[in-house]
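Novice: here is my input, please return the structure:
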Amino acid sequence: MSIGFIQGNINDKMDRIKKLYEKLKSFSVVEPQISLILARRIAEDICRDLFSRSIYNNPGDITLEPLIDTLLDDDVIPRVIAIHLNAIQILSDDLDDFEEYGKLLPPCLHSLDVVVKWYLGETNIDDDQLHKELLNKTNQLVGEAPRPVLVKQEKLGTSSFAKLKDMKKVTGEDGLIIGSTLRLSERKSFEHAVCVGPTGSGKTASYFIPNLLSLPNASCIVSDPKGEIFKTTAATNIAQGKRVLVFSPYHENTMRYNPLSLCRNVTEIRELAQMILTNGNKAVEAMTGGVSGGAEWINMATPLLTAGLLFVRSLEPPKNTISTAMDLLVENEIETLRVLFKGESKEAKKQFNIFMQAAESEKTASSIRTVLASCAQLFVDPTVVNATSYNELNPKYFSESPTVLYVIVPEHKSATLAPLMAPFYTQLMAHLVERKSKVPVYFFLDEFANIGIIPNIDTALATFRSRKISISIGIQSINQLISNYGKEKAHTILDNLKTKFVFPGLSVDSAKYFSELFGQKEIVSISRSLALSENSNIGINSNPQKRDLLTPDEIRRLDDETLVAVVDNLNPYIDKQIRYFKNNELLELTRTTVDLDKYLKDQRNILN
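Specialist: Predicted coordinates for the structure are as follows:
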């Protein structure tokens, strides 16, 4: 007998289910095997309809068991209905293993009758009462074999997927866009976010670009490795009346940034020297694949670089730069430097003396200078000399009126430029956090692990919220953060990024982290036993078990264009990515593009 009729196109799903059920009952006696198949199909159709109406509009290829688990977790179905659905699943599994289908059909039809009547609204379910009765009944059997009593257990896991209504306290119309249905309030956005997904998973198209198009009253600072975000969003930001700036160190017409000119005291100059050397050291290691001298040599080189920076800071532009300080320290012998610093400011002389005390011998002094030259070699590159020769970047721009700064550093150059980019972001954040901002400021830092080590970022995140500063970082894996900041500090950073969301294709370490973060749920496990004898008996046992809400493998295999978000202490929320080129409103905002070369040339003419 064909069962192709179940594919019929009936608009009213509930009416379709009812007709299928009546059809099933009409031939269940003569066709028990097909009846079992159809019973399972009806159960699947009911679950898919409930899933699409209550959780997400497309259940995809989710099979019956996880459908039941999800519907139960989200309180879409009573537990009694879940038990009956699981019974249908068990009884209709592995049909090839059983010859006497007629023995399986009666308990299956009994469970299906309960489910269908509940689904059609023909009966009410008192879940507590019926569940108690089920727990105290014996197993449903064909035959008269004794049945064990089911013992009720406390819930073993309480995690479940949130619905949009559950996210009400964190959502709004003026904050970060996370997915197609989830948008944070501005206030919640200031508690920061992290997006984790491998290259090509959609971070730029579904997170960074939609947000750059949708924050008309805010300032934004965005890392844009390919220049794609600038090309796509600059026209809209200009149309919104924002000041649009570009820092692209390898472009001759870039806006210029001089880190030294933004230092306000000796402490900040020493911090700048430390950042340059620390990130320069990592850059050397990344490029050579080896291990350098380490923190001890960096610490000994820091006073020397600090002395050089103090020496040149009072010079007129373009001489008051890191590049000039490097020329001074590398091209002159120790004795010449001793004479130069002898008549210099008290601070510069003091730092040089600290270096000399640490050097102890001429050989050690020479080694320290070699470390300095190696770690700060970026600042003798003519391109970088040009980009840092003046300072045209004033942090007050961002707090006074809506301004967008695109930071364009090619990904393959990110390690090389880390000694420049780490101070760049650090100084911007430091100046902004000290100002009472009239305008909210959003940092969108894709490939965050490649921009260098930002000192004290783990603790600074807690301060930014009260200053209306939002930090969003994009990383490919948790291990990227750990590699830069160490395990403890990396997890502190993650703890201070209150909104976390993941895209498909995560690495193993990241998938394990988020599986643990998502928590565990309780599932109803139903087992079946069959004794093929004169009185063939079928036994069904229902037992609660604990399992991950999403296993690491399930997280890795998320459907394309799907994301799972965790906001603060709420349950995980499944959403679709909002890829700008598939959203008519956002696509319209990107129809006008801006040519980077022409824009920078025009801006350079204005600045000159």
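Novice: Ser92: neighbour count?
Specialist: 24 (other Cβ atoms under 10 Å). No exception for glycine: its C-beta is placed from N, CA and C like everyone else's.
Novice: what of Ala359?
Specialist: Neighbour tally, Ala359, other Cβ under 10 Å: 19.
Novice: I'd say it and Val371 touch.
Specialist: No. With contacts defined as Cβ atoms under 8 Å, Ala359 does not count as touching Val371, sitting 11.5 Å away.
Novice: mind listing the shared neighbours of those two?
Specialist: Where contact means Cβ atoms under 8 Å, 6 or more residues apart in numbering, the residues bridging Ala359 and Val371 through contact with each are Met300.
Novice: helices of the stretch 201-350 of the chain, start to end?
Specialist: Counting by DSSP state H, counting those that start in this stretch, the segments of the stretch 201-350 of the chain that form helices are 203, 209-212, 228-239, 266-288, 295-312, 322-331, 334-342, 346-359.
Novice: CA atoms of the fifth one as PDB?
Specialist: Listed next in PDB are the C-alpha coordinates belonging to helix 295-312 (Å, rounded to 0.1, in the frame of the first residue of the first chain):
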ATOM      1  CA  ALA A 295      60.200  39.400  29.300                       C
ATOM      2  CA  GLU A 296      63.600  40.000  31.000                       C
ATOM      3  CA  TRP A 297      65.200  41.600  27.900                       C
ATOM      4  CA  ILE A 298      62.000  43.600  27.200                       C
ATOM      5  CA  ASN A 299      62.100  45.000  30.700                       C
ATOM      6  CA  MET A 300      65.700  46.000  30.300                       C
ATOM      7  CA  ALA A 301      65.100  47.600  26.900                       C
ATOM      8  CA  THR A 302      62.000  49.600  28.100                       C
ATOM      9  CA  PRO A 303      64.000  52.300  30.100                       C
ATOM     10  CA  LEU A 304      66.200  52.900  27.000                       C
ATOM     11  CA  LEU A 305      63.300  53.400  24.700                       C
ATOM     12  CA  THR A 306      61.500  55.500  27.300                       C
ATOM     13  CA  ALA A 307      64.600  57.800  27.500                       C
ATOM     14  CA  GLY A 308      64.600  58.100  23.700                       C
ATOM     15  CA  LEU A 309      60.900  59.000  23.600                       C
ATOM     16  CA  LEU A 310      61.300  61.600  26.300                       C
ATOM     17  CA  PHE A 311      64.300  63.100  24.500                       C
ATOM     18  CA  VAL A 312      62.400  63.700  21.200                       C
END
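Novice: and the helices of the stretch 201-350 of the chain: which comes nearest Ala449?
Specialist: Proximity of the helices of the stretch 201-350 of the chain to Ala449 was assessed by Cβ to Cβ; the nearest stretch is helix 266-288, lying at 10.9 Å.
Novice: show residues contacting that closest one.
Specialist: Judged by Cβ under 8 Å, 6+ apart, the contacts made with helix 266-288 from elsewhere in the structure are 259-260, 262-263, 291-294, 298, 301-302, 305-306, 309-310, 313, 322, 347, 351, 371-372, 374-379, 415-416, 418-419, 422-423, 426-427, 430, 452-453, 455, 484.
Novice: would you mind checking those for buried ones?
Specialist: Burial by neighbour count, 16 or more other Cβ atoms under 10 Å: within the contacts of helix 266-288 this picks out 259-260, 262-263, 292-293, 298, 301-302, 305-306, 309-310, 313, 322, 347, 351, 371-372, 374-379, 415-416, 418-419, 422-423, 426-427, 430, 452-453, 484.
Novice: in what helix or strand does the residue positioned nearest the centre of the chain lie?
Specialist: Nearest to the mean C-alpha position of the chain, by Cα atoms, centre = their mean, lies Cys195 at 1.8 Å. Under the criterion of DSSP states H and E, Cys195 resides in strand 193-196.
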